[in-house]
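Colleague: Return atomic coordinates for the entry below.
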Amino acid sequence: MDELVFVCLCWEKPICLVCNESVAAMKEYNIKRHYDTKHSKKFADLQGQLRIDKAESLKKQLERQQHSFRKHNEDSEAVVKVSYIISEKIARKSKPFTDGEFIKECLEDAADVLSPLQKSLYAKVSLSGVTVARRIEDLAGDIERTLSEHALQFVYYSIALDESTDLTDTAQLAVFIRGIDTNFVVTEEMAALVPMKGSTKGSDLYESFNAVINRYNLNLAGITTDGAPAMVGKNEGLVALVKKSNPDVPFVQYHCIIHQENLCAKSVNIKDVMSIVVKTVNFIKSRGLNHRQFQEFLKETNAEYGDIIYFCDVRWLSRGKMLKRVFDLRNEISNFMKTKNKDIPHFSDKEWLADLGFLTDITSQLNNLNEKLQGKNNLVHELFDYLKAFELKLELWISQFQRNIITHFPHLSLFQISNMNKYTTALQDLKTQFQSRFHDFRRDEKYLNLFARPFTVSVEEVPEEFQMELIEIQCNSALKDKFND
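Modeller: Modelled structure (predicted):
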């Protein structure tokens, strides 16, 4: 019917090209009635090609309108997306929420130079402190919902717990969860950071822990803690309370391997090296005038570095970085302290400097081990392998020191050492520290070997409950190899 050319099908309903009204049903009667009652008199004189050209013109006009609406919606969605992206980066870098307003100013100024036509879009990005806080809250809720959905597929899961105090003296309980589903897909995520306003006894930690975990009806496989008494107390510790409330759940318990490695590292101490170094650094860094003069002194002497580093006991790796910086700037520090009438004779004592070099080297080695133990998606047998490898290194270094070989200690090797006994003793003490810790991992070493290397483990080395499974795995592997040959 040629008089219906003013109606086109767009989206799900037919839309009139003239008035842009939609027709309820795609039926010829409804379309014809709309045309006859509203547009037949106006367009009755248009016939033939004129009628077709008019229809095409109205159709293109409608398409331009729809494209304009779509473009507006796309721009609005892009502006909101940018707001979420920047808010996430602010949260990841632990920056103040009010920094969003400064970032927006930077975006507008950059757009004014690079893309003036798009500046209006950047101006629409909402990054006020309240908006950033709301965006981060939305993202956190989305992460929690996603984690909850993944948790429904978990066959087993384990928990890692750490309690520490923030800058406002509020105790924070960090809860990390790692779960595995039937397809062996591992999900590892921070489940919650629970502020604790009151005491931090085992019962308090247990209540906060339950508030997070009760939402997951899962099979608990293991708990790793920081080893604090409130966590591992025999009767009232968090782990003991979890065992009491779940007597039929045979989960394993571990003391965080990184915490234990750090405790071993703290045992390394040669005479008064750390106390003198820390005292010297604090003298320079804690007084504004001294700090500025020291930085200027380093510039004048063309030193390798422009400043020294504070040591913070909570930030474990800062110890090694501080020692290396002090060792590299030992001459500059000594000369600067003389200008302050605070001459430190130790910085001119080659024996003390050799001690500093040894402590720098061994701390650097311990820091490298600590970094290997960190990060996501590390399995327990891999972490324990790193530890055993480091223990073998200690044995190698001890044997080399007994023969006056110090190749692996570059800072110590700068000095002529006549007596290596004290350094050998220090390494032996460190080895003893490693051997006296990590009992929980050594206890389960046979299980770790079975998991990591099932084809190199003999049947007699594994518990009886796993012997049949091991035999089946090894037989299937042998048959597969024979078939391939």
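
Colleague: now stretch 141-148: mean pLDDT?
Modeller: Mean pLDDT, stretch 141-148: 78.

Colleague: Next: stretch 103-122.
Modeller: Average pLDDT, stretch 103-122: 84.

Colleague: And it, what's buried?
Modeller: Under the neighbour-count criterion of 16 or more other Cβ atoms under 10 Å, stretch 103-122 has Ile103, Lys104, Leu107, Ala111, Lys119, Leu121, Tyr122 buried. For glycine as for every other residue, the C-beta is placed from the backbone atoms N, C-alpha and C.

Colleague: Output the residues you listed as JSON lines; include the columns distance to Lys372 and secondary structure.
Modeller: Output for the buried residues of stretch 103-122, formatted as JSON lines (distance: Cβ to Cβ, whole Å; DSSP: H, G, I helix; E, B strand; the rest coil):
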{"residue": "Ile103", "distance to Lys372": "35", "secondary structure": "helix"}
{"residue": "Lys104", "distance to Lys372": "41", "secondary structure": "helix"}
{"residue": "Leu107", "distance to Lys372": "39", "secondary structure": "helix"}
{"residue": "Ala111", "distance to Lys372": "44", "secondary structure": "helix"}
{"residue": "Lys119", "distance to Lys372": "48", "secondary structure": "helix"}
{"residue": "Leu121", "distance to Lys372": "45", "secondary structure": "helix"}
{"residue": "Tyr122", "distance to Lys372": "43", "secondary structure": "helix"}
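
Colleague: lowest-pLDDT helix or strand in this protein?
Modeller: Using mean pLDDT, DSSP states H and E, the weakest-scoring helix or strand in the chain turns out to be strand 7-10, at a mean of 47.

Colleague: Give me the number of neighbouring residues for Gly233.
Modeller: 15 (other Cβ atoms under 10 Å).

Colleague: Going forward, count from 865.
Modeller: Renumbered: residue one is now 865, and that last one reads Gly1097.

Colleague: if I look at the nearest residue to it once chain neighbours are set aside, how far off is Lys1107?
Modeller: Among residues not flanking Gly1097 along the chain, Gly1066 sits closest, at 5.4 Å (Cβ to Cβ, 6 or more residues apart in numbering). As judged by Cβ to Cβ, to the nearest Å, Gly1066 and Lys1107 stand 12 Å apart.

Colleague: Compare neighbour counts for the two and give me the winner.
Modeller: Neighbour count, other Cβ under 10 Å: between Gly1066 and Lys1107, Gly1066 has more, with 21 against 15.

Colleague: show me the contacts for that one.
Modeller: By Cβ atoms under 8 Å, 6 or more residues apart in numbering, the contact set of Gly1066 is Ala1094, Met1095, Gly1097, Glu1100, Gly1101, Leu1102, Ala1104, Leu1105.

Colleague: Show me the helices in the stretch 1115-1264 of the chain, by range?
Modeller: Ranges of helices within the stretch 1115-1264 of the chain are 1121-1130, 1137-1149, 1152-1164, 1182-1192, 1194-1203, 1214-1237, 1244-1265, based on DSSP state H, counting those that start in this stretch.

Colleague: Next: the stretch 865-1014 of the chain.
Modeller: Ranges of helices in the stretch 865-1014 of the chain, per DSSP H, counting those that start in this stretch, are 892-902, 904-907, 912-956, 963-978, 983-988, 993-1015.

Colleague: just the buried members of the contacts of Gly1066?
Modeller: The neighbour-count criterion (16+ other Cβ under 10 Å) marks Ala1094, Met1095, Gly1101, Leu1102, Ala1104, Leu1105 among the contacts of Gly1066 as buried.

Colleague: need the residues you listed in JSON lines with secondary structure, can you?
Modeller: Formatted as JSON lines, those follow (DSSP: H, G, I helix; E, B strand; the rest coil):
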{"residue": "Ala1094", "secondary structure": "helix"}
{"residue": "Met1095", "secondary structure": "helix"}
{"residue": "Gly1101", "secondary structure": "coil"}
{"residue": "Leu1102", "secondary structure": "helix"}
{"residue": "Ala1104", "secondary structure": "helix"}
{"residue": "Leu1105", "secondary structure": "helix"}
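
Colleague: Closest one to Ile1281 out of these, please.
Modeller: Nearest to Ile1281 among the buried ones among the contacts of Gly1066, counting by Cβ to Cβ, is Met1095 at 42.8 Å.

Colleague: Need the nearest residue in space to the closest one, chain neighbours excluded.
Modeller: In space, Met1095 comes closest to Thr1089 once its chain neighbours are excluded; the distance is 3.8 Å by Cβ to Cβ, 6+ apart.

Colleague: Could I get the contacting residues of that neighbour?
Modeller: Taking Cβ under 8 Å, 6+ apart, one finds Ala1024, Leu1025, Asp1026, Met1095, Val1096, Leu1102, Val1103, Gln1117, Tyr1118, His1119, Cys1120 in contact with Thr1089.

Colleague: try it again with 10 Å
Modeller: By Cβ atoms under 10 Å, 6 or more residues apart in numbering, the contact set of Thr1089 is 1023-1027, 1069, 1095-1096, 1101-1103, 1117-1120, 1123.

Colleague: Looking at those, which one is closest to Val1244?
Modeller: Nearest to Val1244 out of the contacts of Thr1089 is Tyr1118 (Cβ to Cβ; 7.6 Å).

Colleague: buried sites along stretch 1147-1155?
Modeller: Across stretch 1147-1155, burial judged by 16+ other Cβ under 10 Å covers Phe1147, Ile1148, Lys1149, Asn1154.

Colleague: what's the spacing between that stretch and its chain's center?
Modeller: Here the centre of stretch 1147-1155 is set off from its chain's centre by 34 Å, with Cα atoms, centre = their mean, to the nearest Å.

Colleague: Ile1023 belongs to a helix, doesn't it?
Modeller: No: according to three-state DSSP, the state of Ile1023 is strand, so it is not within a helix.

Colleague: what's the spacing between Ser1072 and Tyr1250?
Modeller: Counting by Cβ to Cβ - Ser1072 and Tyr1250 are separated by 31 Å.

Colleague: Give me the more crowded residue out of those two.
Modeller: Between Ser1072 and Tyr1250, Ser1072 has the larger neighbour count (other Cβ under 10 Å), namely 22 against 17.
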